[in-house]
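Visitor: Please find the sequence and the predicted model below.
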Amino acid sequence: MNCYFASLFIILLLFCGCRTEETAPKNSLPSPVVQPKDAKFEKIGCEGCHDNIKLDQFHALPCTSCHGGHNDTGQADKAHIGLIAKPAHPANMAVACGKCHSDQVQAASRSLHFTHSNEINLVRAHFGARDHLSTPADIPVATAFTTPLDLVDDMLRRRCLRCHVASSGDAYAAVTRGTGCSACHLSFKEGKLQSHTFAAPTDQQCLSCHYGNYVGNDFYGRYEHDFNWEYRTPYTSSANNIPTRPYGVESHDLVPDIHQQRGLTCGDCHQGNGHNEPAALSCATCHGWKPGRPVPPLRNLRVANDALLLSARNSGKEYPVPSLLHPAHRQYQNRVACQVCHGQWSFNDSTTHLLLSKVEKYEPWERLTIQSSSEVEAFLEHNINSDQIELPPTMRDGLTGESRPGIWYMGYYQRRWENMLIRKDTDGVIKVFRPVLDLRLSLVEADGQVRFDNLKGTDDGLRPYTPHTTGHAGLFYLNRFKHLLPPDLK
């Protein structure tokens, strides 16, 4: 009897257990696990927070190898101790990049892309300087403007060199970029870093500095509009159309260089890449080649069937290089520069007025808030159109980032491209010139006193240059320069 009740009890117990399991809600969640109060859920290491960073195969290194800091914690304040935010900056690149690329870093630091020695000394000499500066850091910082050269040096630091590799460029979509090595080797879009993939420079990187009315922008057929809102297209009375101004100012669409039309890029000819100055090149380097001669010193050239072929870096397409067959090339080759005949148009902005103003009066600039400088534009837009407290008239040093009193405004007497300026250079060669040093500098102190007014340099400011607007020479090419030829060659 006892065995009978014991068996029955076990059966009922099993039956009840099954029923309890069957009637439990099918979608019930497990009970939360209670963690101790001191449990930590932080993500450890740099990638715990920066999980969208992708490195190329040649730079698959720990973040701390270049950026410093600490990779063994998930707390930002501890991880960022000793952080180097911009390891490729000129001040840091010798340590960060130079550990693996010492030769390239040393060469780049001496290159014209880093020293700007030609431009700096050309401008200073035009206004009377007799010394030669080796680096931008050698430009004196003016604290009191007692001489014209003080004003020139301040203009160089605060208006001109904001495009130097020590700066991230202007705050426009196409010109914001990295600093130092990353200015050329990292890709930015809409002002933001796209990836940590280091690559050879493309035209995107070149144009992040060579924009506006300077050589490089003309390669794409762009000529910057005037600053006044009535002379820009589309017509606008506001600066709020920044998406249509990726380079700061709208551009006229003129004819691009024929090499660009054929699919070539800056790097197809300019192969120094900023590390070393390229070998001296001219149009005749390629177009003057003849069978039996050595191949010109460009990596993308080869000879096949007595023809010189150039391989485009972007597309890989090969192009036969045309030879100089027209008799005019033999007649004028040592007397006339190629672009005198083959340049389709040129930059001819004259006269350029630059005013350093410390006066807190901004209404006269209402129609000229677009200044080809995001800093000046933001300053004017805020003080003219905002109800908030006015910003003081200060402007950053393009090399150090330090702000000092005064705003550099810019304007032009005229902006033209149709009339190419043709002159004979000091070496006797007829060349294209531009009024690049046709400058007038002025300074107005905070009390309204005019310290300097319309300072000009030692000459008319015309200097030879090579417009990157190559095309076929017109039928009347001789009319451009025959008035400069000696009588026996006319």
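Guide: Structure received.

Visitor: helix/strand/coil for Val376?
Guide: Following DSSP: H, G, I helix; E, B strand; the rest coil, Val376 is assigned to helix.

Visitor: Look up the closest residue to it, ignoring the ones flanking it.
Guide: In space, and not counting its chain neighbours, Val376 is closest to Ile407: 6.1 Å by C-beta to C-beta, 6 or more residues apart in numbering. C-betas here are computed from N, CA, C, even on glycine.

Visitor: contacting residues for Gln57?
Guide: Listed by C-beta atoms under 8 Å, 6 or more residues apart in numbering, the contact set of Gln57 is empty.

Visitor: follow-up on the earlier one: now do the residue nearest to Val376 against Arg262, distance only.
Guide: 43 Å (C-beta to C-beta, to the nearest Å).

Visitor: ok, the two, which is more surrounded?
Guide: More neighbours surround Ile407 than the other of Ile407 and Arg262, with 25 against 14 (other C-beta atoms under 10 Å).

Visitor: Correct me if wrong: that one contacts Pro392.
Guide: No. Between Ile407 and Pro392 there is no contact under C-beta atoms under 8 Å: 9.5 Å.

Visitor: Does Cys206 touch Cys266 like I think?
Guide: Yes. With contact defined as C-beta under 8 Å, Cys206 counts as touching Cys266 (4.5 Å).

Visitor: any residues in contact with both of these two?
Guide: Shared contacts of Cys206 and Cys266, defined by C-beta under 8 Å, 6+ apart, comprise Gly216.

Visitor: So for stretch 401-418, first residue to last residue, what's the gap.
Guide: With C-alpha to C-alpha, to the nearest Å as the measure, stretch 401-418 spans 38 Å from end to end.

Visitor: chain center to it: distance?
Guide: Stretch 401-418 sits 18 Å away from the centroid of its parent chain (C-alpha atoms, centre = their mean, to the nearest Å).

Visitor: you'd agree Asp349 is in a strand?
Guide: Yes. Counting by three-state DSSP, Asp349 falls inside a strand.

Visitor: give me every residue that touches it.
Guide: Asn213, Tyr412, Gln414, Arg415, Arg416, Arg434, Pro435.

Visitor: so where's the stretch 351-490 of the chain uncertain?
Guide: Within the stretch 351-490 of the chain, the stretches with pLDDT under 70 are 490.

Visitor: Following element in sequence after the helix or strand of the chain with the lowest mean pLDDT, please.
Guide: None of the helices or strands of the chain scores lower by mean pLDDT, DSSP states H and E than helix 2-22, at a mean of 40. With elements assigned by DSSP states H and E, the helix or strand that comes after helix 2-22 is helix 46-49.

Visitor: How about the next helix or strand after that next one, which residues are buried there?
Guide: Counting by DSSP H and E, the next helix or strand C-terminal to helix 46-49 is helix 63-67. Residues of helix 63-67 classed as buried by neighbour count (16 or more other C-beta atoms under 10 Å): Cys63, Thr64, Cys66, His67.

Visitor: who's in contact with the third one?
Guide: Listed by C-beta under 8 Å, 6+ apart, the contact set of Cys66 reads Ile84, Pro87, Ala96, Cys97.

Visitor: surely the first one meets Ala91?
Guide: No. At 9.6 Å, Ile84 and Ala91 do not qualify as touching, with contact defined as C-beta under 8 Å.
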